[in-house]
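J.: give me coordinates for this.
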Amino acid sequence: MDIYTFYLRYIDLNLKSYGNIGIDFEINRFLLIFMFIIIGASVAINYNRWVIITTIKRLVRHEAYDEETAKTLKELKLSSKGVRSSLKNNGQLTRTVRRVGELATSYEEYLKEVNTKGYKEEKIDYDTTRFHIREECVEDAKIISLKSDVTPLGTFLLCVLIFAVFMCLFFLMPEILSLVNTLIGML
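T.: This next block holds a predicted model:
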């Protein structure tokens with residue numbers, strides 16, 4: 001099969017080529033784009049999970065459960081921008097980890113503060129700021145710290161699996177569409 005035939009059979013595959021389906025939609029191009037989106041999302045989600053689990057594991061290992069035992073990111077050997085970003089945003093990590101000196105505000109108070117004129121987001125010096133597990137989250141943090149690490153190899157294997165599944169769909173799509181077209185014709 002030459003490149004032009006491959007292109008026509010698989011990449012330029014359009015649902016309107018099947019009379020009983022008749023919708024103008026290039027399904028394999030959509031599958032390729034969707035595959036890359038799923039792979040990118042998987043990498044991002046696994047990286048975020050790694051940041052959360054690693055940060056909590058290191059805080060638990062150092063027994064940083066209050067302001068006296070709190071540790072800096074340097075002491076925890078965590079200096080990536082992902083860790084800093086997760087500690088800055090309101091997510092699972094900030095619900096479990098607390099900064100020393102951080103004021104506890106409700107969501108309503110936070111919104112009121114943000115909507116006031118001249119509001120400036122608090123600058124956090126990640127080199128000197130110390131972090132600890134929130135008192136009410138210590139048991140949950142210990143459970144999270146027992147979870148297995150997210151590894152680059154595991155993420156890579158997940159991406160290979162996603163790629164393989166989508167490639168099977170990609171190459172089987174002409175036969176799948178022929179079958180669907182025949183079944184619709186029989187109705």
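
J.: which residues are in contact with Ile124?
T.: If you count contacts by C-beta atoms under 8 Å, 6 or more residues apart in numbering, Ile124 has them with Leu87, Lys88, Arg99. Just so you know, the C-beta spots here come from the backbone N, C-alpha and C atoms, and that holds for glycine as well.

J.: mark which of those residues are buried, thanks.
T.: Among these, those buried by neighbour count (16 or more other C-beta atoms under 10 Å) are Leu87, Arg99.

J.: any chance of the contacts of Ile124 in a markdown table with distance to Asp127 and secondary structure as columns?
T.: A markdown table is the format used below for the contacts of Ile124 (distance: C-beta to C-beta, whole Å; DSSP: H, G, I helix; E, B strand; the rest coil):
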| residue | distance to Asp127 | secondary structure |
| --- | --- | --- |
| Leu87 | 13 | helix |
| Lys88 | 14 | helix |
| Arg99 | 13 | strand |
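
J.: what segments of this protein are strands?
T.: Secondary structure of the chain by DSSP state E: the strands cover 71-72, 97-99, 130-133.

J.: need the contacts of Ile124 in JSON lines (columns: distance to Ser42 and pLDDT).
T.: JSON lines is the format used below for these (distance: C-beta to C-beta, whole Å; pLDDT from 0 to 100):
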{"residue": "Leu87", "distance to Ser42": "23", "pLDDT": "85"}
{"residue": "Lys88", "distance to Ser42": "23", "pLDDT": "81"}
{"residue": "Arg99", "distance to Ser42": "30", "pLDDT": "87"}
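
J.: neighbours around the residue nearest to Arg130 when sequence neighbours are not counted, how many?
T.: Excluding its sequence neighbours, the residue lying closest to Arg130 (C-beta to C-beta, 6 or more residues apart in numbering) is Ala70, at 3.7 Å. Number of residues near Ala70 (other C-beta atoms under 10 Å) recorded here: 21.

J.: quick one, what contacts Ala70?
T.: Applying C-beta under 8 Å, 6+ apart to Ala70 gives the contacts Ala64, Val100, Arg130, Phe131, His132.

J.: dump the strands of the chain to CSV, plus distance to Ala44.
T.: Supplementary listing: the strands of the chain in CSV, determined by distance: least, C-beta to C-beta, whole Å:
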stretch, distance to Ala44
strand 71-72, 26
strand 97-99, 20
strand 130-133, 23
